[in-house]
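>>> Just the structure for this:
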Amino acid sequence: MVKEGYYFGLPPLALGAAAMVLRWTLAGAMLLCLAAFIFYFFRDPQRVIPADPGAIVAPADGRVVVLTDEEQGGRPGKRISIFLAIWNVHVNRSPAAGTITNLKYRPGKFSAAMRASASAENEQNVITLATDSGEIIFKQIAGLIARRVVCWKQTGDRVARGERIGLVRFGSRADLWLPRDSELLVEVGDHLKGGSSVVAYWPPRAKSPSWRPQNQIAEEHLSTSGKRT
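Sure, this is the predicted structure:
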């Protein structure tokens, strides 16, 4: 369980226990049930992270509600939108290994996360990630009940594929934008697990043949000429 679970869950747990001691049974039972739900909501299960080169994983648990063509900064690409129901795990994970080059918070509305306009209008964190394949963008988007997007990372941080990066509280949405040359592996209606479900494949770019470690170049010169140049 993430630490936010203790902040929200301990108060109703303490009040519920006190109510039971005072024999306010109904109120105590309701408070204890609320505490149990909060602890369940903030659960943080371990996930098996795929090791396949080029695999892009789901940034969140939930159901795919949108697959659409979309441009980002004039670049053609595709957007996957994932709806997180109240019973889903709400810890968000990085879809790929890379460096966060930009993290921007955008205030906005708290419309239902199922609405198409939520991707553009709702409160959100927009995270740009530079990977070995290129640049991808994913969003943490607040919903009707979710009133806070939380990111534990900052610009310049290096993240691993499937690494925990934050959460959205109490129902929300996550968007993932990939360039057009990536291969999508999901369809609308698919149920995903953050960090472990592979949503697309985008092979890393090959390194330039002219780039080699200096010690490798030196060894090659030595083997062909018998001396270092």
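
>>> what's the spacing between the nearest residue in space to Val89 that is not next to it in sequence and Gly166?
In space, and not counting its chain neighbours, Val89 is closest to Asp61: 4.4 Å by C-beta to C-beta, 6 or more residues apart in numbering. Quick note: C-beta positions are derived from backbone N, CA and C, even for glycine. According to C-beta to C-beta, to the nearest Å, Asp61 and Gly166 sit 14 Å apart.

>>> cool, and Thr25?
39 Å.

>>> residue ranges with poor pLDDT in this structure?
The model of the chain has pLDDT under 70 over residues 108-121, 143-147, 170-171, 206-229.

>>> quick one: the helices in it?
Ranges of helices in the chain, per DSSP state H, are 4-21, 25-41, 118-121, 214-225.

>>> out of Asp61 and Gly166, which sits in the more crowded spot?
Comparing Asp61 with Gly166 by other C-beta atoms under 10 Å, the one with more neighbours is Asp61, at 25 against 20.

>>> For that one, give me its contacts.
Taking C-beta atoms under 8 Å, 6 or more residues apart in numbering, we find Asp61 in contact with 82, 84, 88-90, 192-194.

>>> ok, now Leu167?
Listed by C-beta under 8 Å, 6+ apart, the contact partners of Leu167 are 2, 4, 42, 90-92, 140, 150.

>>> And the buried ones among these, selectable in PyMOL?
Entered in PyMOL, the line below selects the buried ones among these, by 16 or more other C-beta atoms under 10 Å:
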select buried, resi 2+4+42+90+91+92+140+150
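
>>> how about the strands of this protein, start to end?
With DSSP state E as the criterion, the chain has strands at 55-57, 62-72, 75-84, 91-93, 98-106, 124-130, 135-142, 149-151, 158-159, 164-168, 172-179, 183-184, 191-192, 198-201.

>>> Pull out the buried positions in the first one.
If you call a residue buried by 16+ other C-beta under 10 Å, then strand 55-57 has these buried ones: 55-57.

>>> got TSV for the contacts of Asp61, with distance to Asn125 too?
Converted to TSV, the contacts of Asp61 look like this (distance: C-beta to C-beta, whole Å):
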residue	distance to Asn125
Ile82	15
Leu84	14
Asn88	18
Val89	18
His90	14
Leu192	19
Lys193	21
Gly194	15
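
>>> tell me which of those residues is nearest to Leu31?
Closest approach to Leu31 among the contacts of Asp61 (C-beta to C-beta): His90, at 21.9 Å.

>>> okay but that closest one is in contact with Asp44, surely?
No - look at His90 against Asp44 with C-beta atoms under 8 Å: they stay out of range, at 9.2 Å.

>>> Just name the most buried of the strands of the chain.
Among the strands of the chain, ranked by average contacts under mean count of other C-beta atoms under 10 Å, first place goes to strand 91-93 (a mean of 27).
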